[in-house]
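Q: A predicted structure for the sequence below; I have some questions about it.
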Amino acid sequence: MVSLTPGRRILVVAATAAALTGGSTVLATSAGASTGYYPVATWSMNEGSGAHTMIDTSGNGQHGAIGNEVVTDVGVRGATGYRFTRLQPDRPPAHPRHLVTVADSSALDPGSRDYAVTIRLRTTYQFGNIIQKGQATASGGNFKFQIPNGIVQCLFRGSNGTIIVQASRRINDGWWHVVRCERTGSGVALTVDGRTVARRGGWTGPISNGWPLSIGGKTDCDQRDVGCDYYAGDIDWVEIEAR
């Protein structure tokens, strides 16, 4: 059995549903090797307990700041990652303590490129923004993953409009899942555990903003007019690719 880790490209032809979702080894497909994608940032999230810096192992220097409410070096179901503890939905803003943030960089913006974000996550909760760069009113557009009602969604908003896709089944079952969202010139596709579960055609237009990338919720929120949408659960790794 093969485990997919950031930077390693393996095409899995077939696997049982139990292998995809039920064990410590998760199978998935990655488009990188055969379709010309290159890594923009790879965060393996293997730092030790009490770490303050999330290391970009791609070599591109996109390191992140780990808030002191994010628990590092969490081992669960055969993986080591970060834990984002559950907060009350109306808790006063705790950012950046509850978030991991990566400083704004044009390399992290989709721009007009084909652009893909892949995350391995595990949760039993049903709310929150997992990863994003920019927010709904951000000049230049934004992208984000979120998990309302335990159903993962991804959204890309550009100069030409917004495309959002979502899975048909909940993934907040306590098992690890690999979720990949890819924006191209022809549309947006969402893949869960190596299977494309949603696709929508269209072109968002370029996306480029001056915001940091955040993992675990919003960076600009007041819990009155703008909710912080804190994510609760574990994240094993994140990889961003482009071509």
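A: Received it, and whenever you're ready, just let me know what you need.

Q: Point out where the chain drops to low pLDDT.
A: Counting by pLDDT under 70, the chain contains low-confidence residues at 1-34, 89-90, 94-95.

Q: hmm, try it at 90
A: 1-35, 87-96, 222-224 (pLDDT under 90).

Q: Okay, helices next: where are they in it?
A: All helices of the chain, identified by DSSP state H, fall at 17-21, 32-35.

Q: how close does Trp203 get to Arg120?
A: Applying Cβ to Cβ, to the nearest Å, the value for Trp203 to Arg120 is 29 Å. (Each C-beta comes from the backbone N, C-alpha and C, glycine too.)

Q: higher neighbour count, the two?
A: Of the pair Trp203 and Arg120, Arg120 is the one with more neighbours under other Cβ atoms under 10 Å, namely 25 against 18.

Q: Please name the residues that touch the more buried one.
A: Contacts of Arg120 were listed using Cβ atoms under 8 Å, 6 or more residues apart in numbering, and they are Val26, Ala79, Gly81, Trp176, His177, Val178, Val179, Ile235, Asp236, Trp237, Val238.

Q: which residues touch the third one?
A: Gly81 makes contact with Met45, Asn46, Val74, Arg120, Asp234, Ile235, Asp236, Trp237, according to Cβ under 8 Å, 6+ apart.

Q: try it again with 10 Å
A: Contacts for Gly81 (Cβ atoms under 10 Å, 6 or more residues apart in numbering) come out as 43-47, 71-75, 120-122, 176, 233-238.

Q: Could you point out the longest strand of the protein?
A: Longest strand in the chain, counting residues (DSSP state E): strand 233-242.

Q: my read: Ala138 touches Ser214, true?
A: No - using Cβ atoms under 10 Å, Ala138 makes no contact with Ser214, being 11.9 Å away.

Q: Quickly list what's touching both of these two.
A: Common contacts of Ala138 and Ser214, defined by Cβ under 10 Å, 6+ apart, comprise Gln132, Asp220.

Q: So if I had to pick from those two, which one is more boxed in?
A: Neighbours around Ala138 and Ser214, counted as other Cβ under 10 Å, are more numerous at Ser214. The numbers are 27 against 16.

Q: For that one, give its distance to Trp237.
A: 16 Å.

Q: burial measure for Val188, as a count.
A: Neighbourhood size, Val188 [other Cβ under 10 Å]: 24.

Q: Enumerate every residue touching it.
A: Counting by Cβ under 10 Å, 6+ apart, Val188 has contacts 115, 143, 154-156, 162-165, 181-182, 198-204.

Q: again, but for Gly59
A: Pro39, Ala41, Thr42.
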